[in-house]
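> 3D model of this:
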Amino acid sequence: MKYPRIQKSKEVLDIVIGKLSKDPKKRDPYYFVNEFQNSIVDRYLYIYNSLPDYSKMNEYYLLMCKNIVPEATMEKHKNHYLATIRIINQLAEKFKRYISKNKKMAEKNRFQKEFLGRASSVIRKLDKTIVELLGYSKDFKRIPNPDQKQYTVVLIGVPNSGKTTLLAQITDANPEINRYSFTTKSLNLGYFKKRLEIIQVVDTPGLIHTEFKDMNLIEKQAIVAIKTLANVIVFLYNQYQSLEDQERILSKIKKDNPDKKMFVLPSFGGKMPKQKNITIKNILNRDL
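Numbering: from 1, shown residues only. Just a heads-up that it's a prediction; the model follows:
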């Protein structure tokens, strides 16, 4: 997912003032204030317009983004940019009037210096918001871009149940596979062709909690994939982990998604009681 490059106030001020210092018209205070205003406003409007807009997202992206940061919090951050733009515009227009009305160059320069000091102070107040937005950036950039129109099989299960291995076996994906738990930290996507149809397979992070409120950001991605992408859910059973815990997770998912087809794949040759088991061949033949 696209996310704008966000810079702290010192970097922004250094860039804008540095660029103006090389401008041959820099000695004109009115020109300096006007160009400073335009540069800051253009930068901040770009960031405002490039930050996630929850009102224009489909369900998949909306839920993924809300898992990272609540909508109200994102709106608060975006509104801080708008407020900063409004104040910079007000300051600039006021000081441009002062400069225009004054004939003495010394006074014009004084107004320019005063404007720069006050505008810089306003810009620095953005830093707290900027630090928070920078903290979200990696998570937003990691949101995968699945084909939401494709027939999709979503693989779920506890950590180390073989979801990623299965994805690599049946699709063209080349995911990281390790023996330790929690290798998968985001959705992995793969595809295979059945006759003329393309099947999308989504490998999800391992689930360790039953209730959504107890899940971390990584786990929540699996729930979003189930809710918004899955035509079929395949639960990979791990016979080396607690059967009771896995049945509890599976039962909760079935309860929360009554309209979804769900099957169990005993990834290590075990059998999960009271469930309809399938094989890799079933998946490849789409016998689901």
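
> now Ile143, nearest residue through space, not along the chain?
Distances taken as C-beta to C-beta, 6 or more residues apart in numbering put Met1 closest to Ile143, at 4.2 Å, once the chain neighbours are dropped. To be clear about C-beta, it is placed using only N, CA and C from the backbone, and glycine gets the same treatment.

> equivalent analysis for Lys108, please.
Using C-beta to C-beta, 6+ apart and skipping residues adjacent in sequence, the residue nearest Lys108 is Pro29, 4.3 Å away.

> contacting residues around the one you found?
99, 108-109, 111-112 (C-beta atoms under 8 Å, 6 or more residues apart in numbering).

> as a check, name the ranges of all strands in this protein.
For the chain, the strands defined by DSSP state E cover 151-157, 188-194, 197-203, 232-237, 261-266.

> next, count neighbours for Val224.
21 (other C-beta atoms under 10 Å).

> just the pLDDT at it, thanks.
pLDDT for Val224: 95.

> quick one on the thing from earlier: got a markdown table for the strands of the chain, with distance to Ile6 and mean pLDDT too?
As requested, these are arranged in a markdown table below (distance: least, C-beta to C-beta, whole Å; pLDDT from 0 to 100):
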| stretch | distance to Ile6 | mean pLDDT |
| --- | --- | --- |
| strand 151-157 | 33 | 93 |
| strand 188-194 | 27 | 88 |
| strand 197-203 | 30 | 91 |
| strand 232-237 | 37 | 90 |
| strand 261-266 | 41 | 84 |
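
> redo those strands as TSV? Include distance to Gln221.
Formatted as TSV, the strands of the chain follow (distance: least, C-beta to C-beta, whole Å):
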stretch	distance to Gln221
strand 151-157	11
strand 188-194	11
strand 197-203	10
strand 232-237	14
strand 261-266	18
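
> indicate which one of these is closest to Glu244.
strand 232-237 (12.5 Å; C-beta to C-beta).

> could you figure out how far the closest one is turned away from strand 197-203?
40 degrees (axes from the mean of the first three to the mean of the last three C-alpha atoms, to 10 degrees).

> show the average pLDDT along the longest helix seen in the chain.
In the chain, ranked by residue count with DSSP state H as the criterion, the top helix is helix 71-101. For helix 71-101, mean pLDDT is 97.

> and it, how far from the chain's centre?
The chain centre lies 27 Å from the centre of helix 71-101; the measure is C-alpha atoms, centre = their mean, to the nearest Å.

> please point out which parts of that helix sit buried.
74, 77-78, 80-81, 84-85, 87-88, 91-92, 95-96, 98-99 (16 or more other C-beta atoms under 10 Å).

> what does stretch 119-139 give?
119-120, 122-123, 126, 129-130, 133, 136, 139.

> which non-adjacent residue is nearest Tyr30?
Ile99 (4.8 Å).

> just Ile233 next, same as before
Leaving aside its chain neighbours, Ile233 sits nearest to Met262 (4.4 Å; criterion: C-beta to C-beta, 6+ apart).

> how about the one you found, what does it touch?
232-235, 250, 253-254.

> could those go into a markdown table alongside neighbour count?
What follows is the contacts of Met262, written out as a markdown table (neighbours: other C-beta atoms under 10 Å):
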| residue | neighbour count |
| --- | --- |
| Val232 | 19 |
| Ile233 | 25 |
| Val234 | 24 |
| Phe235 | 26 |
| Leu250 | 22 |
| Ile253 | 20 |
| Lys254 | 14 |
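
> just give me the closest of the residues you listed to Tyr151.
Set against Tyr151, the nearest of the contacts of Met262 by C-beta to C-beta is Val232 (8.2 Å).

> on that earlier part again, next, count neighbours for the residue nearest to Ile143.
With other C-beta under 10 Å as criterion, Met1 counts 15.

> restricted to helices, list the contacts of Pro29.
99, 108-109, 111-112.
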